[in-house]
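Novice: I need the structure of the sequence given here:
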Amino acid sequence: MEAVGGAAEERWASLCNCVVNFLLEEKYHLTALELLQELQEDGRHAQALRLRSFFSDPAFFPPDLVARASSSPPGADPQSLLEEKIAAEEKLALTEYDLRLAKEDLTCLKLELQKQQESSPDNTIDASAHEGFNQQDQRDVKISALGPLKDNERKDLNCAVKEYLLLAGYRLAAMTFIEEVLDQDLDVWTNSSACVPDALRRYYYQYLSSTTEAAEEKISILRENEALKKDSERLYAEKDSLMKTCELANNQVAALRKSLDAAHMDIKEKEKMVRDLKQSLDVHRKELNDCRAEITALKMHIEGTQSSKQMPVGDTDGFSTQLNANSMGEAAALINEHENLKGTESITIKLVSAAALTEDTRKDHKNTESTIEGSPGSQAPLSCSTAGGGGYGTSGEDDSGTDTSPEGISVNGTQHGAGNSQGNSGSISVYVSEDKVNTEIVESPSIHKSSYKMALETIKIVSDALPKIVPYVLINHREELLPLIICAIERHPDSDVRDSLTHTLFNLIKRPDGQQRRIIMDACVELATSVGEMRTETELLPQCWEQINHQYEERRLLVAQSCGELAIYVRPEIRDSLILSIVQQLVEDSATVVREAATHNLALLLPLFPNMDKYYKVEELLFQLVRDPSGVVVDVALRELVPAVVGWGGKLDQILRVLLSHILASAQRCPSVSGVEGTIDSHLRVLGEQERWTIEVLLRMLTELLPFIHQKAIETCPSIDPSENYISESSLKLYATGETEWSAFEWMHTECLPDLIKLACLLPAKEDSLRTVITKYLLAVSGRYGKDYLEHIMLPVFLIAAGDIDSGDFTYFPLSIQSKVRGFRPKTSVAEKIAIICVLPLLLSGILGSPSSRQQLEEYLRKLLIQNTKDGSFSMHHTAEIIDAIRFLCIFEEHHGVIFHILWEMVVSSDTNLKTSAAALLKALVSLLLHE
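Specialist: Got it, this is the predicted structure:
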């Protein structure tokens with residue numbers, strides 16, 4: 001006992017020396033002085049030796065200053081005695097308070113000492129302390145070698161010293177220490193690894209139990225950690241800078257792409273303008289040639305008239321000569337004017353003047369012309385007729401007079417050119433005999449021309465009136481104006497008026513509903529059918545696309561509908577360039593209904609593309625729409641767009657490869673449940689709402705693609721009739737020989753199922769919704785591929801992945817595939833537990849839960865719950881994880897009968913372990929059923 005007491009006294013002295021050294025080194029002199037007084041009062045002169053020597057050192061405390069400070073007044077008056085009495089009473093109260101605190105602390109220390117004695121004998125502590133003193137003598141590390149104290153280290157040491165002073169009973173020294181440390185609040189000790197009860201004593205023991213090398217190594221580790229923290233901060237700053245740079249680069253790329261699209265659109269417009277100019281040039285050339293022919297005919301007619309005139313009267317002959325000369329001069333002037341101007345309008349004016357002059361000549365020399373008409377073998381009469389029945393002529397039937405108004409003249413350069421397309425205007429034919437020139441003008445029916453002019457005038461009147469009428473018609477009845485608007489757009493000759501009417505067509509109703517949009521779009525389709533590709537591109541579509549950024553979503557819906565329904569009426573090269581870019585812009589629209597319509601019309605547009613040049617852009621749009629935040633858009637994309645892209649592109653393998661990579665990447669980029677490496681939670685991911693939604697819709701897309709996957713596997717099978725729908729056992733035996741290549745069939749169990757297993761191993765136990773989607777996909781696969789594929793291919797894959805190695809049958813796998821499938825086996829204890837948590841629920845519900853495997857499910861559950869429990873290995877097979885897997889199986893109501901049948905067998909069993917397991921399982925199932 002004396003030895004134990006001596007060791008304890010020695011430890012106390014060492015701690016006191018440590019405190020003294022700390023106070024002197026940190027220059028807490030007031031606290032040190034108070035501690036000196038209390039040590040002397042307790043009779044601990046050995047521990048106070050260094051403090052006495054320090055305060056008696058004349059270098060620090062000169063004697064004259066000490067004497068002057070300690071000198072007292074020569075006498076004591078009553079007032080000072082009264083003050084001393086009051087101070088003594090205060091000190092007494094303080095001492096009583098300290099005594100009460102000391103008793104409470106003593107009680108706490110006794111309880112703590114009792115706990116320490118129960119946990120470890122005193123002799124072990126004494127031996128370790130003695131051993132530590134021996135090691136202390138060998139240490140040569142100085143505090144200065146550790147560098148200056150950090151703020152947190154100083155705070156921890158100050159709190160530990162204050163605690164020690166209080167525990168040692170030096171309360172005045174502790175109070176002085178608290179007052180002397182001004183920059184820290186020692187009453188509040190931040191919760192850290194250094195904040196422990198009896199901290200200074202624990203520090204001391206830790207110091208004694210460690211070696212110099214360990215201390216140096218720990219210090220180096222701390223310094224390295226600080227350096228790594230600084231490097232990490234620097235790297236984070238660089239990462240932020242790089243992210244900003246990347247964002248700027250992406251913005252620049254987006255701007256360049258927009259500029260490139262605008263340039264492409266401008267090039268298309270320029271090419272279209274060039275084509276229009278070429279067509280206009282051809283039309284003008286044709287009109288110019290027709291004008292030349294008419295001028296030649298008029299010239300020949302004037303020459304013939306001049307040569308046939310024989311007037312007996314000299315004045316008449318002179319007048320005729322003068323008129324003929326005037327006519328010839330006028331014709332020559334007309335020809336010169338035609339050569340100079342090359343324009344059809346001036347030609348028409350000159351021809352009208354020449355015709356009028358010739359008509360005057362004919363009237364003045366009526367008798368002469370009649371004679372010429374009647375003479376056999378003479379020049380045939382020239383008859384010029386116009387669309388209105390007027391004009392000029394030399395036939396005898398025109399004696400009653402003719403209309404010489406300019407409106408009666410028709411020249412190919414203007415009205416005649418337009419009439420050729422309608423079949424309503426006259427034409428001029430010129431033929432030459434052996435010795436004379438004869439000109440014949442064939443006249444169209446005047447009544448036909450009159451009706452055409454009347455119709456054109458009607459169209460103009462209606463076109464002018466429609467913009468004024470539309471605003472005053474009730475909105476629900478404006479569609480009754482559509483026939484008039486369509487007719488006016490189709491037949492009006494002025495393109496500006498047509499553009500105005502087309503604008504009225506698309507803005508007929510401010511916010512059209514679905515039925516009204518259908519009526520407007522049907523009108524647009526009818527108009528596009530009538531006017532052809534060129535006018536549809538130049539007149540109809542620009543008016544529609546002007547509203548792509550309209551504030552009302554109903555107008556933007558019209559744009560989306562036009563992309564799919566009017567695409568057939570434009571050239572193929574416009575469909576996969578301009579129209580696709582419009583759809584791409586509509587896919588980014590903020591309104592859900594607009595994105596839905598864009599998705600539907602993109603599916604209609606794909607079969608009209610002339611080639612596959614834009615496949616990857618379409619594939620990008622497909623995945624963007626499938627991952628849309630709106631469920632309505634996703635449904636349309638899965639129902640219409642996915643089959644359309646597969647049917648149009650024919651790249652099912654490419655879509656599946658991208659799809660599986662997106663599914664895994666969506667889960668892998670989520671943070672881990674725990675940051676502690678090597679634990680189960682470090683492998684599981686915390687899914688956000690966006691990631692959970694993305695994975696779910698991508699799994700639904702995989703389910704939508706399953707018919708195409710199955711069909712391709714059936715079509716490429718070397719031994720199956722394409723009319724069969726299931727994979728037979730004979731086909732599996734042929735596949736197991738490895739003599740035939742069947743990549744479309746292997747994809748399911750070598751790529752798809754392993755990736756789904758990887759996804760399942762990333763999902764925490766609470767992600768029942770995603771596991772349900774995976775289960776439904778597995779059930780759909782077994783339903784399409786058949787019972788043999790489920791039993792001989794899918795079941796072994798999931799048994800191996802769940803860690804049940806002995807139950808897997810690899811008879812129907814080729815040797816090259818067997819090694820790959822065996823690689824799915826968990827290789828570590830953590831991987832085995834993850835397999836039980838994540839893969840076993842899929843094995844029970846998606847594989848054994850198939851309608852054709854109910855008997856196998858019951859046998860496997862009995863083996864899992866009853867047999868393993870009876871032989872004492874139930875706890876080794878992860879009780880909680882197995883119960884959670886069966887809880888997930890209970891989500892599907894069709895399995896309730898099997899589960900409760902086995903549960904009843906466990907309840908009525910005499911085995912205590914079985915009953916305990918049954919109680920735990922029943923508790924989980926009841927909570928699930930109550931939650932539902």
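Novice: Now do the buried residues in stretch 25-40.
Specialist: 26, 28-29, 31-36, 38-39 (16 or more other C-beta atoms under 10 Å). All C-beta atoms are positioned from the backbone trio N, CA, C, and that covers glycine.
Novice: Provide a list of residue ranges in the stretch 601-750 of the chain with pLDDT below threshold.
Specialist: Low-confidence segments of the stretch 601-750 of the chain, defined by pLDDT under 70: 720-723.
Novice: State the distance from residue 741 to residue 733.
Specialist: 16 Å (C-beta to C-beta, to the nearest Å).
Novice: Please identify which of those two sits among more neighbours.
Specialist: residue 733 (14 against 11; other C-beta atoms under 10 Å).
Novice: what helix or strand is the residue nearest to the more buried one when sequence neighbours are not counted on?
Specialist: Excluding its sequence neighbours, the residue lying closest to residue 733 (C-beta to C-beta, 6 or more residues apart in numbering) is residue 812, at 6.9 Å. In the assignment (DSSP states H and E), residue 812 maps to no helix and no strand.
Novice: what are the phi and psi values for residue 812?
Specialist: Backbone torsions of residue 812, given as degrees, to the nearest 10, read phi -100, psi 20.
Novice: rewinding a little: same list, the buried residues of stretch 25-40, but as a markdown table with secondary structure, pLDDT and distance to residue 758 please.
Specialist: As requested, the buried residues of stretch 25-40 are exported to a markdown table (DSSP: H, G, I helix; E, B strand; the rest coil; pLDDT from 0 to 100; distance: C-beta to C-beta, whole Å):
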| residue | secondary structure | pLDDT | distance to residue 758 |
| --- | --- | --- | --- |
| 26 | coil | 79 | 58 |
| 28 | coil | 81 | 62 |
| 29 | helix | 80 | 68 |
| 31 | helix | 84 | 63 |
| 32 | helix | 83 | 66 |
| 33 | helix | 82 | 71 |
| 34 | helix | 82 | 68 |
| 35 | helix | 83 | 66 |
| 36 | helix | 83 | 71 |
| 38 | helix | 84 | 69 |
| 39 | helix | 83 | 69 |
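Novice: Closest to residue 765 out of those?
Specialist: residue 26 (53.5 Å; C-beta to C-beta).
Novice: if we can go back for a sec, could you tell me which residues make contact with the residue nearest to residue 733?
Specialist: 732-733, 735-736, 792-793 (C-beta atoms under 8 Å, 6 or more residues apart in numbering).
Novice: Name the member of those with the most neighbours.
Specialist: When the contacts of residue 812 are compared by neighbour count (other C-beta under 10 Å), residue 793 ends up highest, at 26 neighbours.
Novice: Domain-wise, how is this structure divided?
Specialist: Annotated domains of the chain cover 1-63+150-210, 213-276, 473-610, 650-851, 862-931 [the TED database].
Novice: want to try TSV for those, with distance to residue 627 as columns?
Specialist: Output for the domains of the chain, formatted as TSV (distance: least, C-beta to C-beta, whole Å):
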stretch	distance to residue 627
domain 1-63+150-210	44
domain 213-276	19
domain 473-610	12
domain 650-851	5
domain 862-931	26
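Novice: between the ones you listed, which one is nearest to residue 306?
Specialist: domain 473-610 (39.8 Å).
Novice: Any idea which residue is closest to the centre of the chain?
Specialist: The centroid of the chain falls nearest to residue 624 when counting by C-alpha atoms, centre = their mean (5.6 Å).
Novice: and that one, what element?
Specialist: Secondary structure assignment for residue 624, by DSSP H and E: helix 615-626.
Novice: List the buried residues for that helix?
Specialist: Using 16+ other C-beta under 10 Å as the test for burial, helix 615-626 gives 615, 618-619, 621-626.
Novice: Stretch 779-798 now?
Specialist: 779-798.
Novice: what about it, how long is it end to end?
Specialist: Criterion C-alpha to C-alpha, to the nearest Å; first-to-last residue distance in stretch 779-798 is 13 Å.
Novice: Quick one: mean pLDDT over that stretch.
Specialist: Taken as a whole, stretch 779-798 carries a mean pLDDT of 93.
Novice: got the contact list for it?
Specialist: Contacts of stretch 779-798 (C-beta under 8 Å, 6+ apart): 703, 706-707, 710, 713, 725-729, 732, 748-749, 753-754, 757, 778, 808-813, 821, 824, 839, 842-843, 846-850, 852-853.
Novice: In the protein, spot the helix with the most residues.
Specialist: helix 212-308 (DSSP state H).
Novice: what packs against it?
Specialist: Counting by 3 or more C-beta pairs under 8 Å, 6 or more residues apart in numbering; DSSP states H and E, the packing neighbours recorded for helix 212-308 are helix 314-341, helix 344-364, helix 366-374, helix 415-422, strand 427-432, strand 437-442.
Novice: could you give me the average pLDDT of the second one?
Specialist: The one in question is helix 344-364. 39.
Novice: Which strands or helices does whatever helix or strand residue 708 lives in pack on?
Specialist: Element membership of residue 708, judged by DSSP H and E, is helix 689-715. Judged by 3+ C-beta pairs under 8 Å, 6+ apart, helix 689-715 is in contact with helix 615-626, helix 642-649, helix 652-668, helix 743-747, helix 768-785.
Novice: Whatever helix or strand comes next after it vs helix 689-715, what angle?
Specialist: Where DSSP H and E defines the elements, the next helix or strand beyond helix 689-715 is helix 729-736. Interaxial angle of helix 729-736 relative to helix 689-715 (axes from the mean of the first three to the mean of the last three C-alpha atoms, to 10 degrees): 100 degrees.
Novice: And the contacts of helix 729-736?
Specialist: Contacts for helix 729-736 (C-beta under 8 Å, 6+ apart): 717-720, 740, 742, 745, 788-789, 792-793, 811-814.
Novice: thinking again about what came up before, PyMOL command to pick out the buried ones of the contacts of stretch 779-798?
Specialist: Burial among the contacts of stretch 779-798 is assessed by 16+ other C-beta under 10 Å; the matching PyMOL selection reads:
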select buried, resi 703+706+710+713+726+727+728+732+748+749+753+754+757+778+808+810+812+813+821+824+839+842+843+846+847+848+849+850+853
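Novice: mind listing what the closest residue to residue 805 other than its chain neighbours touches?
Specialist: Distances taken as C-beta to C-beta, 6+ apart put residue 825 closest to residue 805, at 5.9 Å, once the chain neighbours are dropped. Contact partners of residue 825, counting by C-beta under 8 Å, 6+ apart, are 800-801, 803, 805.
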